[in-house]
Structure formats: C-alpha cells, structure tokens
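**Student:** Here is my input, please return the structure:
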Amino acid sequence: LLVSSVVGKDRIIFATKEDHETPSSAELVADDPDDPYEEQGLILPNGDINWNCPCLGGMASGPCGEQFKSAFSCFHYSSEEIKGSDCVDQFRAMQECMQKYPDLYPQEDENDEKSSKDLEAASMEASAAKEEEGSS
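**Tutor:** This next block holds a predicted model:
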C-alpha cells in the first residue's frame, strides 16, 4: 500500500515493508549514443560542445551562461596561432557579468587573479601583434 501526499512543491510517498519486497517492474532502456543529453564528456562525437556536461559545473546555465557560452565557443573553435587570442572581448564580457554576481562566482585570490590578468594581457598583446603584422 503506497500512500502519497503533496506538501507545497514536494510529493511525500510512504512505502511499507511489503512494497520494498515486491520485485521492481521498471524496465531499463539502453543508452542512445547519439543522445546529446547523455553524459558524453565535454565534446560530443560530432565535435559540438556538450553544454550539459557536468564538467562545466553549471556555468552554461547560470546568469552569465550566454556570456560563458560565447567565450567558450570562441575559444573552442578558435583557429588562431595563439588559441583564443581572438576571444578577448567575449572573455571580458563574461568576466564583467560574473563580477555582478560575487556570491555565485567568487573572485579568485590575488595570486590567481594576477595570473588571470597576465593571461588576458598576453592574449591582448598577441592580438595586437597579429594586427600589426597584417598592416605592414
């Protein structure tokens, strides 16, 4: 005998010992390797980014999800000699968004922040150097 009740948004189910002794009638369905929602890692077999990958820690669906997707996509598909050097604007927009939500996106400590700024500066320098090469 299963008894259930709804409290707010939750459904509470009480099960008896007999309920647990009855064999399950649930059927297992084989995984579909082409299902993009299955956990297949960060990159799907077709080369697309798996935005549902738990490895992204929910970054793709948070309040800065669109900025994250834009920056990460740019980096992933970048064909520049210094990968991602053409993505500085997207990463800056993502960083500016994240600064608006310090509780969700804690800022790095000073050492990490310095290396992050160094990386951004190096990326911008590389981008500027590439523009100079093209103009000569």
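**Student:** okay, CA-based contacts and neighbour counts for the rest of this
**Tutor:** Noted.
**Student:** Do you have the strands of the protein handy? List them.
**Tutor:** For the chain, the strands defined by DSSP state E cover 3-7, 10-14.
**Student:** Going by mean pLDDT, which of these comes out lowest?
**Tutor:** Note on those: lowest mean pLDDT is at strand 3-7, with a mean of 60.
**Student:** where does this protein have low pLDDT?
**Tutor:** 1-8, 13-15, 19-20, 24-39, 108-136 (pLDDT under 70).
**Student:** Do a quick rundown of the helices in it.
**Tutor:** 17-21, 65-77, 88-99, 110-135 (DSSP state H).
**Student:** what's in contact with the second one?
**Tutor:** Right, helix 65-77. 49, 59, 60, 83, 84, 86, 87, 90, 91, 93, 94, 97 (CA atoms under 8 Å, 6 or more residues apart in numbering).
**Student:** which parts of that helix are buried?
**Tutor:** Residues of helix 65-77 classed as buried: 65, 66, 67, 68, 69, 70, 71, 72, 73, 74, 75, 76 (neighbour count, 16 or more other CA atoms under 10 Å).
**Student:** about what we covered before: farthest-apart pair in the contacts of helix 65-77, please.
**Tutor:** Farthest-apart pair in the contacts of helix 65-77 is 83 and 97; separation 22.8 Å (CA to CA).
**Student:** follow-up on the earlier one: would you mind writing the ChimeraX command to select the buried ones in the contacts of helix 65-77?
**Tutor:** In ChimeraX, a selection of the buried entries from the contacts of helix 65-77 looks like this (16+ other CA under 10 Å):
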select :49,59,60,84,86,87,90,91,93,94,97
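**Student:** Export the contacts of helix 65-77 as CSV, with columns for distance to residue 16.
**Tutor:** As requested, the contacts of helix 65-77 are exported to CSV (distance: CA to CA, whole Å):
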residue, distance to residue 16
49, 45
59, 41
60, 41
83, 59
84, 58
86, 61
87, 58
90, 55
91, 54
93, 55
94, 51
97, 50
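**Student:** right, and out of the contacts of helix 65-77, which lies closest to residue 42?
**Tutor:** Relative to residue 42, the closest of the contacts of helix 65-77 is residue 49; by CA to CA it sits at 6.0 Å.
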